[in-house]
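Q: Output the structure for:
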Amino acid sequence: MNCVLFHSFNLFLLAAAMAVGGIEARANDVQDMMRGADQAFKRNFAEGFARKAWPRSRLGHGLVAMAKHAGQLGVGPASAAPNVESVAIGAGEPGSPSGAKRPAEIATAKPAPPPPVPTRGAAIEKPQAKQPQATASVPALPPEKPGLDKAPRQVAKADTTPPPLPEASALSPAGFKFKDCDFCPPLVVVPRGEFTMGSSEHPHEKPTHKVKITSAFAIGQYEVTYEEWDRCVDAGSCRYRPEFHGSPREAIGNLSWDDANTYLKWMSEKTGQVYRLPSEAEWEYAARAGTGKRYWWGDEAGSGKANCTDCGSASNGQPSAVGSYKPNSFGLYDTAGNMAEWVQDCWNESYQGAPADGSAWTKGNCGLRGLRGGSFGNKSSFIRSSSRFRYDSDVRYEANGFRVLRELR
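A: Numbering: from 1, shown residues only. Model (predicted):
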């Protein structure tokens with residue numbers, strides 16, 4: 001009875017293998033296969049009866065032979081034989097009744113390749129990739145709010161009494177430098193004055209208009225660096241650390257307008273001074289440094305004067321360490337290129353109705369905020385002193401950073 005059941009089991013497995021193949025075989029081929037299987041069974045049964053043993057490996061090899069024969073006749077797919085063979089051989093692994101070992105020639109599955117290492121994304125041609133109607137040539141990086149990987153270390157509170165400024169601080173000479181604390185960005189005093197804001201080269205920069213800066217201010221000598229930003233993260237106030245971390249003295253990017261204001265609030269609390277973003281007018285006034293030219297150095301971009309795609313820079317389309325190029329006449333670095341810099345103002349399509357006293361424009365589309373100076377990913381025509389762009393205030397992009405402004409009292 002057991003022999004009959006065993007024979008029936010062989011035939012059932014053969015029928016199942018044919019069904020998996022999904023191909024209708026010719027009747028005479030099927031009959032030939034059945035007869036061959038019957039003869040193989042009788043022969044194996046006789047041998048097993050004489051030896052009084054029925055190793056499972058023999059059953060497996062019988063199935064392999066039938067599966068390969070089915071593949072030759074076109075009954076099943078060519079891959080049917082290796083699949084059946086792997087199951088049959090698995091029955092002879094250590095711990096099975098036969099005790100047979102897996103043949104050495106059977107290769108084990110290869111591990112999946114590791115995921116690709118992320119690289120810094122390519123720069124865009126224009127910083128304002130996201131338009132007011134949400135039409136963007138390059139997708140913006142989504143806001144990220146990762147948790148801190150480690151407990152913040154203690155950051156000593158800065159002395160709330162800043163170094164003394166020269167007499168008549170509101171009239172301090174241009175280029176006077178100081179810091180409010182050891183980890184604070186170095187500042188340069190910019191005197192009050194007048195200038196012509198805008199240009200006739202682009203509709204966003206029209207109309208040109210006179211602006212009077214009524215109070216001196218101190219502005220960051222450099223764009224904020226990774227080293228300076230990390231102090232805020234380590235203190236637990238800034239909750240975001242960019243995925244691609246540059247060198248300590250490299251200008252930090254991939255920050256939203258909201259991120260920049262979080263840092264400035266922390267600086268104000270630490271120093272007891274008023275830190276904020278510059279207004280558009282204050283930024284352009286500081287960037288021009290007393291000149292009405294397209295760039296602070298003249299009307300031609302030249303070579304080796306800024307970090308941009310066609311400026312002859314050695315950065316190869318990447319941000320550079322602050323101070324890598326010459327400063328303007330006020331002693332400020334990278335006001336053209338390297339990182340596009342957030343300003344306070346809400347976005348307006350032109351200067352029609354803009355403030356004339358140097359204050360921030362708080363009317364308009366405040367979901368978008370201004371960016372000035374262009375970046376390492378822009379051509380020289382976009383790093384002019386009058387060039388202006390916009391971006392969503394809560395969206396990060398790798399070419400967007402900022403420079404601090406500290407009010408003088």
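Q: Quick check: closest non-adjacent residue to Pro278.
A: Leu405 (4.2 Å; Cβ to Cβ, 6 or more residues apart in numbering). Heads up, the C-betas are built off the backbone N, CA and C, glycines and all.
Q: That neighbour touches Tyr275, doesn't it?
A: Yes: contact criterion Cβ atoms under 8 Å: Leu405 and Tyr275 qualify, at 7.1 Å.
Q: Gly367: what secondary structure?
A: strand (DSSP: H, G, I helix; E, B strand; the rest coil).
Q: contacting residues around the residue nearest to Pro278?
A: Leu405 is in contact with Phe217, Ala218, Ile219, Gly220, Tyr275, Arg276, Leu277, Pro278, Glu282, counting by Cβ atoms under 8 Å, 6 or more residues apart in numbering.
Q: Now, these that are in strands?
A: Mapping those onto strands (DSSP state E) picks out Phe217, Ala218, Ile219, Gly220, Tyr275, Arg276.
Q: Going along the chain, name the helices of the stretch 151-300 of the chain.
A: Shown for the stretch 151-300 of the chain, the helices assigned by DSSP state H, counting those that start in this stretch span residues 226-234, 257-271, 280-288.
Q: Check the gap between Ser268 and Asn261 for me.
A: To Asn261, Ser268 is 10 Å away according to Cβ to Cβ, to the nearest Å.
Q: Need the overlap of contacts for these two.
A: Arg276.
Q: Which one's more surrounded, those two?
A: Neighbours were tallied for Ser268 and for Asn261 using other Cβ atoms under 10 Å; the higher tally belongs to Asn261 (18 against 15).
Q: Check what pLDDT the more buried one gets.
A: Looking at Asn261, its pLDDT is 98.
Q: Same check on the one 5 residues further on?
A: What the model reports as pLDDT for Trp266 is 98.
Q: for the stretch 101-250 of the chain, which spans come out with low pLDDT?
A: 101-175 (pLDDT under 70).
Q: any idea where the strands of it begin and end?
A: 177-178, 187-190, 193-197, 209-213, 217-220 (DSSP state E, counting those that start in this stretch).
Q: Ser329: which of the ones you listed is closest?
A: strand 187-190 (10.6 Å; Cβ to Cβ).
Q: mind listing what the closest one pairs with, with the direction of each?
A: strand 177-178 (antiparallel), strand 217-220 (antiparallel) (DSSP bridges).
Q: Only alpha carbons, please: show it as PDB.
A: The C-alpha trace of strand 187-190 is given here as PDB (Å, rounded to 0.1, in the frame of the first residue of the first chain):
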ATOM      1  CA  LEU A 187      31.000  91.500  12.200                       C
ATOM      2  CA  VAL A 188      31.900  94.500  10.100                       C
ATOM      3  CA  VAL A 189      30.400  98.000  10.800                       C
ATOM      4  CA  VAL A 190      28.700  99.600   7.800                       C
END
